[in-house]
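Enquirer: what's the 3D shape of this:
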Amino acid sequence: MTVTNSEYAQAQAELNVEQWVHIRIEKRTPKKLDVEYLYEYDLPRSLWERREWVINWRVAWFRCQFPRHYISAVMAFYDKNSKKKFGGGLGAIISTKAQITKISNRLAEYKRNYIPTVFEPNAEDTGAYQSAMAKLHERECQLQQLLAEVQP
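Expert: Okay, here's the model as predicted:
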């Protein structure tokens, strides 16, 4: 099931998710055994998306300073409010919430555009509607389970 960016953003807004990125520029020896942290950033993701050139410039500057070392920028995306990293439990919660929103919107649209027939006078009696309701109930149970796992 493909979820659009607007549905994903709506789910994040409902869950009060504040996206941040932690960026660490590190220097490794040519054999990549020793790690030295050169610089760290902790920024809102929107600022990072607009000013990514600053991080790229800083990495290039360190590469000029240490030409024989491996310089890289390591990024970790997380929610500022809950301190949870994206990709694991938080990403699954947001994705499930977005799927619930999408199914609910489709059901409302289906009800609004449904034309009654003799055999199925109500939209709720159709097989497609009942199948979508079953999926919605399944996703809601999955969301409750994910929320229970994340809560301390």
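Enquirer: all contacts plus neighbour counts: C-alpha atoms, from now on.
Expert: OK.
Enquirer: show me the contacts for Val21.
Expert: By C-alpha atoms under 8 Å, 6 or more residues apart in numbering, the residues touching Val21 are 41-45, 48, 75-78.
Enquirer: can you add secondary structure and pLDDT and give the residues you listed back as a markdown table?
Expert: Formatted as a markdown table, the contacts of Val21 follow (DSSP: H, G, I helix; E, B strand; the rest coil; pLDDT from 0 to 100):
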| residue | secondary structure | pLDDT |
| --- | --- | --- |
| Tyr41 | strand | 92 |
| Asp42 | strand | 92 |
| Leu43 | strand | 91 |
| Pro44 | strand | 90 |
| Arg45 | helix | 86 |
| Trp48 | helix | 91 |
| Met75 | strand | 90 |
| Ala76 | strand | 87 |
| Phe77 | strand | 84 |
| Tyr78 | strand | 84 |
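Enquirer: okay, now the sheet partners of the helix or strand containing Lys27, with direction.
Expert: Per DSSP states H and E: Lys27 is located in strand 19-28. Partners of strand 19-28 in the sheet, by DSSP bridges, are strand 35-44 (antiparallel), strand 70-79 (antiparallel).
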